[in-house]
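Participant: need a 3D model of the sequence below.
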Amino acid sequence: MKEIFVLLERCLGCRSCELACAVEHSRTKNLFTAIYEKPVPRKRLYVEMAEGDKLPLTCRHCEDAPCIAACIPGAMYRTPEGVVTNVGGPQECIGCAWCNMVCPFGVVGLGQDVDGRVIAIKCDLCPDREVPACVAACPTKALVYMEADEFAKQKLRPRATAAISEALIRRKDIGADLARKGGYQSR
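Facilitator: Modelled structure (predicted):
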């Protein structure tokens, strides 16, 4: 399953992702008309400040999701694609807020649906889009949408390259040092 990942060093804290998320989940999907909608469209992503860094937080669609276990009416469920949601399921959300209280990331909010009922609101990975709105809107590409193993490879590749380069330089230096001391014959 593709997920949203954050490249912290790129995030400016501009909140473009939050705005794009709210607009994407509005009825009109247009910024200029969405601001007049009732209820006001809600974001499902939160840019928080943590020790001077900006940290976009969104649902991690946990493997063992506490929000699913805590949902009294059973409205929170996992789709066949792996997305944890309370929309379009067999039961309706009653706005009890248990999912909000048990979320370890604090990213399940409460808001009104189009009928004015209070319900849980969380990231749904924008199922009608190829790439979630927040990812597409990020001006610095701090948000990326990909498989976890691909992200790990991308994230680790620069570190591995740097470590290998450093080891080769060190090895060359050690070899030159040994050759100078006569303990190693260079070819």
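
Participant: quick one: the strands in the protein?
Facilitator: 2-6, 46-50, 53-57, 77-78, 84-85, 109-112, 118-121, 143-147 (DSSP state E).

Participant: partner strands of the fifth one, parallel or antiparallel?
Facilitator: If I follow you right, that is strand 84-85. Strands that pair with strand 84-85, judged by DSSP bridges, come out as strand 77-78 (antiparallel).

Participant: residues contacting the partner strand, please?
Facilitator: 61, 65, 68, 84, 85, 86, 89, 90 (CB atoms under 8 Å, 6 or more residues apart in numbering). In short, each C-beta sits where N, CA and C put it, glycine included.

Participant: hang on, the earlier thing: dump the strands of the chain into TSV; add mean neighbour count and mean pLDDT as well.
Facilitator: Below are the strands of the chain laid out as TSV (neighbours: other CB atoms under 10 Å; pLDDT from 0 to 100):
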stretch	mean neighbour count	mean pLDDT
strand 2-6	20	96
strand 46-50	14	93
strand 53-57	16	92
strand 77-78	16	96
strand 84-85	22	96
strand 109-112	16	94
strand 118-121	20	96
strand 143-147	18	96
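
Participant: okay, those strands in CSV with distance to residue 13 next?
Facilitator: Output for these, formatted as CSV (distance: least, CB to CB, whole Å):
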stretch, distance to residue 13
strand 2-6, 12
strand 46-50, 6
strand 53-57, 3
strand 77-78, 31
strand 84-85, 26
strand 109-112, 19
strand 118-121, 22
strand 143-147, 13
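
Participant: quick one: closest of these to residue 35.
Facilitator: strand 109-112 (15.4 Å; CB to CB).

Participant: do you know how far residue 123 is from residue 114?
Facilitator: Counting by CB to CB, to the nearest Å, the gap from residue 123 to residue 114 is 19 Å.

Participant: with neighbour numbers in mind, choose between those two.
Facilitator: Set residue 123 next to residue 114 and count neighbours by other CB atoms under 10 Å: residue 123 wins out with 25 against 9.

Participant: how many neighbouring residues does residue 90 have?
Facilitator: Using other CB under 10 Å, residue 90 is surrounded by 8 other residues.
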